[in-house]
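Colleague: When you get a sec, could you give me coordinates for this:
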Amino acid sequence: MNTIFDKILNKEIPADIVYENQYALAFKDINPQAPVHILVIPKTRCKTLSELSLIDDDSQLGYLQGLAATISLLGLTSGYRVVFNAGTHGQQTVDYLHAHILGERQLKWPPG
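Modeller: Residues are numbered from 1 along each chain as shown. Below is the predicted model:
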């Protein structure tokens, strides 16, 4: 089943893209939970972090984390959070692996 992220990757619907290469796409969230809220998705489709470990090697996850860190360096000088939600209890709303980069406001702990 195609998700909204599949449609963004296929350029079927527009997105405010902040970074793209052959492995991943990063774009602004349309329902931001912080002044900066960027989503990072791999171009290799998988549903969750646990599924990624079944279909790919650890380099894909490391790449996504590194990309999130690189994007955060583009202006999130006062701090940021990178979040991977997984499953219903983890509040994953799109069945496609993605990282949230949140910043430019004081984030609370615990988050949920």
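Colleague: mind checking the end-to-end distance for stretch 25-32?
Modeller: Counting by C-alpha to C-alpha, to the nearest Å, you get 17 Å between the two ends of stretch 25-32.
Colleague: could you pull out the strands for this protein?
Modeller: In the chain, the segments counted as strands under DSSP state E are 17-20, 24-28, 36-42, 80-84, 99-103.
Colleague: Which of those strands sits closest to Q60?
Modeller: Among those, strand 36-42 comes nearest to Q60, with 6.1 Å by C-beta to C-beta. In this view, the C-beta of every residue, glycine as well, is placed from N, C-alpha and C.
Colleague: Please tell me the pLDDT value assigned to D58.
Modeller: D58 is assigned a predicted lDDT (pLDDT) of 60.
Colleague: Give me the residue ranges of the chain where confidence is low.
Modeller: In the predicted model, the chain carries pLDDT under 70 at residues 53-58, 112.
Colleague: Pull the residues that contact the longest helix anywhere in it.
Modeller: Counting by DSSP state H, the longest helix found in the chain is helix 58-72. With contact meaning C-beta atoms under 8 Å, 6 or more residues apart in numbering, helix 58-72 is reached by 18-19, 23-24, 26, 38, 40, 42, 44, 49, 52-53, 80, 82, 97, 99, 101, 103.
Colleague: Buried ones only from the residues you listed, please, as a ChimeraX command.
Modeller: Command for ChimeraX, covering only those of the contacts of helix 58-72 found buried under the criterion 16 or more other C-beta atoms under 10 Å:
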select :18,24,26,38,40,42,49,52,80,82,97,99,101,103
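Colleague: Now do the same contact list for the residue nearest to H100 when sequence neighbours are not counted.
Modeller: Using C-beta to C-beta, 6 or more residues apart in numbering and skipping the chain neighbours, the partner closest in space to H100 is V83 (4.5 Å). With contact taken as C-beta under 8 Å, 6+ apart, V83 is in contact with 99-100, 102, 111.
Colleague: and if we set it to 7 Å?
Modeller: Going by C-beta atoms under 7 Å, 6 or more residues apart in numbering, V83 touches 99-100, 102.
Colleague: With distance to L76 as extra columns, can I get those in CSV?
Modeller: Formatted as CSV, the contacts of V83 follow (distance: C-beta to C-beta, whole Å):
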residue, distance to L76
A99, 14
H100, 13
L102, 9
